[in-house]
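J.: no sequence on this one, just coordinates:
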């Protein structure tokens, strides 16, 4: 029943790595959201790893489909071309939705901000 030093060291390293990832992926984002919410800054609740990326992509696709349908009805073509000076709502429909839902102050979450 002799456990070698290498096995103990490797298990310790794995444990430290797991604790670090738990801190980076779960505890730190929760703490930051809590601090923002205490200051009155609300926002959409993020998923565990991908944050709000799924919701952002679905809103962007809905916006693009809406523009394509509008263009097809006007031109009877399959070309999706839209010229608009309201480029922020075209490129970032999630920001427009979240502003109307949460007010001008919101906190979108992106995991890449924490690495």
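T.: That came through, no problem. Since the model is a prediction, treat every value here as computed from it, not as a measurement. Residues are numbered from 1 along each chain as shown.

J.: leaving out chain neighbours, which residue sits closest to residue 63?
T.: residue 93 (4.2 Å; Cβ to Cβ, 6 or more residues apart in numbering). For the C-beta atoms, the positions are set from N, CA and C on the backbone; glycine is no exception.

J.: could you measure from that neighbour over to residue 53?
T.: Noted for residue 93: a distance of 14 Å to residue 53, by Cβ to Cβ, to the nearest Å.

J.: residue 104 too?
T.: 22 Å.

J.: who has more neighbours, these two?
T.: Taking other Cβ atoms under 10 Å, residue 104 and residue 53 do not tie; residue 53 has more neighbours (17 against 7).

J.: pLDDT wise, what is the more buried one at?
T.: We have a pLDDT of 86 for residue 53.

J.: how about the helices in this structure?
T.: 5-22, 28-38, 53-75, 87-91, 93-102 (DSSP state H).

J.: pull out the buried positions in the second one.
T.: So the one you mean is helix 28-38. 29, 33, 36 (16 or more other Cβ atoms under 10 Å).

J.: do the same with the last one
T.: Within helix 93-102, the residues that qualify as buried by neighbour count (16+ other Cβ under 10 Å) are 93-94, 97-98.
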